[in-house]
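In: below: sequence and its predicted model.
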Amino acid sequence: MPSEPLLSDVPPRESEALASADALAAALDAAAGYLADPPAALALWLALRLGRPLLLEGPAGVGKTELARAAATALGRPLIRLQCYEGLDEARALYEWDYGKQMLQVQLARDGRAQGAAGPGGPGERLADLFDRSFLVARPLLQALESEQPVVLLIDEVDRSDPEFEAFLLELLADMAVTIPEIGTIRAKHPPLVLLTTNATREMTEALRRRCFHGFLDYPPPEREIRIIERRVPGIDRALAERLVGFVQKLRGLDLRKAPATSETIDWARALLLLGARELDADLARDTLGILLKHQSDKESAGPRVASLLGP
């Protein structure tokens with residue numbers, strides 16, 4: 001298991017962020033404008049200090065992926081992202097062999113043997129060398145382990161991958177290492193900060209959960225969502241921000257197929273600003289409801305209630 005990083009071993013910028021959970025939250029805000037709630041900042045800080053992966057759960061659009069981006073910015077690290085999907089395998093996530101280069105090497109070896117030029121280093125070198133490191137194409141997981149500087153590795157929407165791929169990740173999560181049969185075990189030069197996100201489209205296995213710290217990001221309370229809107233939508237009037245956040249908070253209380261997330265609140269605020277709105281009335285809210293609600297059944301359910309949700 002990776003050991004706890006010493007503050008003396010990291011760059012000054014990262015050292016300041018690692019001083020405490022509050023310092024990390026302040027760094028996320030100052031560097032990336034990300035307002036982390038205290039439990040999320042603490043979970044991220046502990047994952048950093050103890051060198052453990054962090055599994056982030058919560059509804060879609062509440063800032064899980066954005067937290068990884070903000071962490072990379074605040075820490076001054078490159079971000080390497082692996083977007084998960086059904087059918088994802090080692091060839092797309094870890095490595096694959098450069099088939100074209102291998103076939104060229106086979107042809108050179110044949111030509112070398114035909115000309116009597118076989119020998120180490122020549123065109124007739126052994127076919128076993130086809131699995132030399134030079135023929136390996138590194139994908140995101142291997143890139144993160146072999147990086148010459150610490151990185152943030154985002155394994156996004158891991159719940160969309162197959163259970164077999166989830167099992168494949170266990171070695172990486174436990175040991176910050178991967179095993180390539182033809183080469184052996186490759187360990188991280190600098191253990192990355194690994195963040196996994198899930199929208200709970202399927203349940204994660206206990207084996208994966210044991211190897212990760214856990215964080216849950218939910219819809220923010222009204223005051224913090226207002227502050228997020230003011231950060232992400234410069235120029236918006238405070239009264240308008242309060243009114244639209246109040247409306248969205250009530251909208252989430254309805255029986256909807258997909259409640260509006262923070263990212264959709266931000267999009268709505270930007271749209272209202274673009275339309276030159278100084279206040280929010282029922283007609284404007286109803287006309288722009290498609291920015292918040294992405295299913296027609298939800299729009300039909302919420303539409304008649306817009307006026308009452310807005311209040312006086």
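Out: Here it is on my side, so go on. Source: prediction; values computed, not measured.
In: from now on I want contacts and neighbour counts done on CA atoms only, so please keep to that.
Out: Fine.
In: check contacts around the closest residue to residue 141 other than its chain neighbours.
Out: Excluding the flanking residues, the one nearest residue 141 by Cα to Cα, 6 or more residues apart in numbering is residue 94, at 4.9 Å. Contact analysis of residue 94 by Cα atoms under 8 Å, 6 or more residues apart in numbering lists 138, 139, 140, 141, 142.
In: can you pull the pLDDT of residue 94?
Out: What the model reports for residue 94 is a pLDDT of 95.
In: then the one 4 residues further on?
Out: Per-residue confidence for residue 98 comes out at a pLDDT of 73.
In: any idea how far residue 153 is from it?
Out: 24 Å (Cα to Cα, to the nearest Å).
In: what's the answer for residue 183, then?
Out: Taking Cα to Cα as the criterion, residue 183 is separated from residue 153 by 23 Å.
In: looking at the two, which one has more neighbours?
Out: residue 153 (27 against 11; other Cα atoms under 10 Å).
In: strand partners of the host helix or strand of that one, parallel vs antiparallel please.
Out: Using DSSP states H and E, residue 153 falls within strand 152-156. With DSSP bridges as the test, strand 152-156 is paired with strand 79-83 (parallel), strand 193-198 (parallel).
In: which residues does the first one contact?
Out: Counting by Cα under 8 Å, 6+ apart, strand 79-83 makes contact with 68-69, 72, 93, 140-141, 143-144, 151-158, all of which sit outside it.
In: and those, which is closest to residue 296?
Out: residue 157 (25.0 Å; Cα to Cα).
In: dihedrals phi and psi, the closest one?
Out: Per-residue torsions, residue 157: phi 50, psi 50 (degrees, to the nearest 10).
In: turn the strands paired with strand 152-156 into JSON lines, columns for mean neighbour count.
Out: Output for the strands paired with strand 152-156, formatted as JSON lines (neighbours: other Cα atoms under 10 Å):
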{"stretch": "strand 79-83", "mean neighbour count": "20"}
{"stretch": "strand 193-198", "mean neighbour count": "24"}
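In: for residue 206, which of those strands is the nearest?
Out: When these are compared by Cα to Cα, strand 193-198 sits nearest residue 206, at 14.2 Å.
In: mean confidence for that closest one?
Out: For strand 193-198, mean pLDDT rounds to 98.
In: what comes up buried for the helix or strand that that strand is followed by?
Out: Counting by DSSP H and E, the next helix or strand C-terminal to strand 193-198 is helix 206-210. In terms of neighbour count (16 or more other Cα atoms under 10 Å), helix 206-210 has its buried residues at residue 208.
In: understood, closing this out.
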